[in-house]
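K.L.:
here you go, sequence then predicted model.
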Amino acid sequence: MERVTFLLRTTKDPDQEVKLRFRLRDGREVQLYHKSEIKAKPKDMERFNEDGSVKGRSKIVNIALKNALEAEILAMYTAYQNLCEKMDRMAITSSIFEAEIDRVLHPVIQEEKPKEMAILDRFAKFIEDAHRDGIFGDIRKKHYKVTLESFERFLKIRRYTSLTPSEFTPDMLMELREFFTNEYKYVKKFPKLYKDMSERNIPKEPRDANTVVTRMKKLHAFFVELESREEIIVNPFRRLGKQRKVQVMREQYDDPRFLHVNEFQKIMATEVPKELQETKDVFLLQCSFGARVGDFKALNMSKIAVTSEGIPYIHYLPQKTKHTNLTKAEIETPIMKFALDIIKKYYFKFPILKYVSGKSGYNAKIKKLLEICGIDRKVKVYDDEKGDNVFLPIFEFGSSKLARSTHVDMMGKVQINLYASGLHRAGSRAVERYTMMELPDRFALMCAAFSQPEYRVDKDLNIIE
């Protein structure tokens, strides 16, 4: 049973007024504090018990103070009961408690607040405001829009479109999670919601667990923002309970996948069908740069420069960190000989990169390329349905991410090999210097990692013999 008591800060002067603090306890688990605006003298408070009641038969009591204490304590009880009806009592924090007490004590102010927006409109506004304020860039905004569109379909199917953020419950969150996972099941039932979508974007199978978690995290960021702005009392994710929230937000990662050096060399040496030649060239080029696919697609000839020593390199601002990169430092990656040959062949005009995902996109063609090249080493992956690890050929996981991880792994290994002479212990900070090396040093490392010859070019990218 909850119990309210007041706390009085001690002072040497019994006539000095101090603000009263209160504490509400509910068993051993809940202990909430409240700072009131009530000012009282220690000598006056001596007439009251710690629960605000008058001591014994005392008649010398400050009536105004007595009424203020009773009103404040009643407001605390009322606020606590209101919150317990809406959320788990263990999730109530002092800040949430203070906000509810203020609503109880000042109902007129609460009524003057603007009408709450529908949740879909408010989520759309959150995305636009965050993009406008530089919190995230164009690519991240695009990803948020995809989540918004799927969220809109969920609200229409469940007939929740008129709901406000404060009405969105933890149970609805769990419904949304299931929808994000199995949206493909709703396509035939609600064809009108998907008629304007391109065929490649219509869900046809369960979504990957990490994709679902990523979307839920975007909703979580939205609700946290509303809570911090006091537009809602508490966000529904916090009301899920600790264990359910961990489950909803937990991403699962298998062992990192990357190509070994001999596998990369095998792809380079393998003759492939004409329809996969562009895929092969683009994949090898991305492996040589290690760029994220969004950055890779944006490269063009203007992004190539040549050092005074004659080393060609690409330079670009990574899109993912562009808005948080205060110094606007660019990524600078040397161009190896085979990579330069590919660039001169296409001049960065790669039709295959128009579509990265989908049945005929870049990622799908990488899988075919690796299979034809015989890259079938078995890798471990966790199967949710079986509840156990299974081993599948690595070509089934071919993608632009594999190109990036291959570059990182090959560079990491060659650097460790160069330091393995005994000058530095394994895992030392010296072995982690790669990103701080001068560009000629990195060029030497890259050529060693990919078994490529070092070379030099003039300003027109002509190779100097």
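P.N.:
Cool, the structure landed. In this text, all values refer to a predicted model and were calculated from it rather than measured experimentally.
K.L.:
can you list the weak-confidence ranges in the chain?
P.N.:
Along the chain, the model assigns pLDDT under 70 to residues 1, 8-12, 57-61, 108-114, 243-256, 321-327, 382-387, 415-437, 465.
K.L.:
where do the strands sit along the stretch 251-400 of the chain?
P.N.:
Assigned by DSSP state E, counting those that start in this stretch, the stretch 251-400 of the chain shows strands spanning 304-306, 312-316, 331-334, 378-383, 388-393.
K.L.:
for the second one, buried residues please.
P.N.:
It refers to strand 312-316. Using 16 or more other Cβ atoms under 10 Å as the test for burial, strand 312-316 gives 312-314, 316. Backbone N, C-alpha and C define where each C-beta goes, glycine included.
K.L.:
please apply the same query to the shortest one.
P.N.:
If you call a residue buried by 16+ other Cβ under 10 Å, then strand 304-306 has these buried ones: 304, 306.
K.L.:
partner strands of it and their direction?
P.N.:
In the sheet, strand 304-306 lines up against strand 312-316 (antiparallel) (DSSP bridges).
K.L.:
which other residues reach the strand it pairs with?
P.N.:
With contact meaning Cβ atoms under 8 Å, 6 or more residues apart in numbering, strand 312-316 is reached by 289, 291, 295, 298-299, 303-307, 330-335, 340, 439, 443, 457, 461.
K.L.:
please repeat the previous calculation with a cut-off of 7 Å.
P.N.:
Strand 312-316 is contacted from outside by 289, 295, 299, 303-307, 330-335, 340, 439, 457, 461, using Cβ atoms under 7 Å, 6 or more residues apart in numbering.
K.L.:
and if you look at stretch 449-465?
P.N.:
Stretch 449-465 is contacted by residues 265, 288, 306, 309-312, 336-338, 340, 410-411, 414, 443-444, 447 when judged by Cβ under 7 Å, 6+ apart.
K.L.:
next one: stretch 163-183
P.N.:
Under the contact criterion Cβ under 7 Å, 6+ apart, stretch 163-183 has outside partners 116-119, 122, 150, 154, 158, 160, 203, 206-207, 212, 215-216, 223, 226, 231-232, 236-237, 239-240, 248.
K.L.:
need the buried ones from those residues selected in PyMOL.
P.N.:
Remark: buried members of those, expressed as a PyMOL selection using 16+ other Cβ under 10 Å:
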select buried, resi 118+119+122+150+154+160+203+207+212+215+216+223+226+231+232+236+237+239+240+248
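K.L.:
sec struct for the spatially closest residue to residue 230 that is not a sequence neighbour, please.
P.N.:
Spatial nearest neighbour of residue 230, excluding adjacent residues (Cβ to Cβ, 6 or more residues apart in numbering): residue 99 at 6.1 Å. In three-state terms, and counting by DSSP: H, G, I helix; E, B strand; the rest coil, residue 99 is helix.
K.L.:
can you list the residue ranges for strands in the stretch 1-150 of the chain?
P.N.:
Remark: strands assigned in the stretch 1-150 of the chain by DSSP E, counting those that start in this stretch are 2-7, 18-26, 30-40.
K.L.:
now those strands in JSON lines, with distance to residue 346?
P.N.:
Formatted as JSON lines, the strands of the stretch 1-150 of the chain follow (distance: least, Cβ to Cβ, whole Å):
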{"stretch": "strand 2-7", "distance to residue 346": "71"}
{"stretch": "strand 18-26", "distance to residue 346": "69"}
{"stretch": "strand 30-40", "distance to residue 346": "65"}
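K.L.:
compare these and give me the one nearest residue 77.
P.N.:
Closest approach to residue 77 among those is made by strand 2-7 (6.6 Å; Cβ to Cβ).
K.L.:
the residue nearest to residue 230: neighbour count?
P.N.:
Residue 99: 16 surrounding residues under other Cβ atoms under 10 Å.
K.L.:
likewise for residue 351?
P.N.:
A count of nearby residues for residue 351, using other Cβ under 10 Å, gives 9.
K.L.:
give me the nearest residue to it, chain neighbours excluded.
P.N.:
Leaving out its chain neighbours, the residue that sits closest to residue 351 by Cβ to Cβ, 6+ apart is residue 278, at 7.2 Å.
K.L.:
relative to residue 340, how far out is that neighbour?
P.N.:
Separation of residue 278 from residue 340 (Cβ to Cβ, to the nearest Å): 17 Å.
K.L.:
list the residues that contact the nearest residue to residue 101 once chain neighbours are set aside.
P.N.:
Once flanking residues are discounted, residue 101 sits nearest to residue 79: 4.4 Å by Cβ to Cβ, 6+ apart. The contact partners of residue 79, by Cβ under 7 Å, 6+ apart, come to 97, 100-101, 104.
K.L.:
for residue 72, which non-adjacent residue is closest in space?
P.N.:
Spatial nearest neighbour of residue 72, chain neighbours left out: residue 36 (5.3 Å); criterion: Cβ to Cβ, 6+ apart.
K.L.:
you'd agree the one you found is up against residue 75?
P.N.:
No. Residue 36 is beyond contact range of residue 75, at 9.2 Å (criterion: Cβ atoms under 7 Å).
K.L.:
what is in contact with the two at once?
P.N.:
Joint contacts of residue 36 and residue 75 (Cβ under 7 Å, 6+ apart) do not exist.
K.L.:
quick one on the thing from earlier: a markdown table for the buried residues of strand 312-316, including distance to residue 139?
P.N.:
What follows is the buried residues of strand 312-316, written out as a markdown table (distance: Cβ to Cβ, whole Å):
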| residue | distance to residue 139 |
| --- | --- |
| 312 | 27 |
| 313 | 24 |
| 314 | 19 |
| 316 | 14 |
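K.L.:
surely residue 377 and residue 394 touch.
P.N.:
Yes. Using Cβ under 7 Å, residue 377 is in contact with residue 394, at 5.0 Å.
K.L.:
the more surrounded of these two?
P.N.:
Set residue 377 next to residue 394 and count neighbours by other Cβ under 10 Å: residue 394 wins out with 20 against 14.
K.L.:
so residue 350 makes contact with residue 281?
P.N.:
No. The criterion here is Cβ under 7 Å, and residue 350 misses it with residue 281 at 8.2 Å.
K.L.:
hmm, back to that, residues in contact with the residue nearest to residue 72?
P.N.:
Contacts for residue 36 (Cβ under 7 Å, 6+ apart) come out as 19-22, 72.
K.L.:
show me which of those residues are buried.
P.N.:
The neighbour count (16+ other Cβ under 10 Å) marks 20, 22, 72 as buried among those.
K.L.:
looking at these, which is nearest residue 3?
P.N.:
Comparing the buried ones among the contacts of residue 36 against residue 3 with Cβ to Cβ places residue 22 closest, at 10.8 Å.
K.L.:
excluding covalently adjacent residues, which one is nearest to the closest one?
P.N.:
Spatially, and ignoring its direct neighbours in sequence, residue 22 is nearest to residue 34 (4.5 Å; Cβ to Cβ, 6+ apart).
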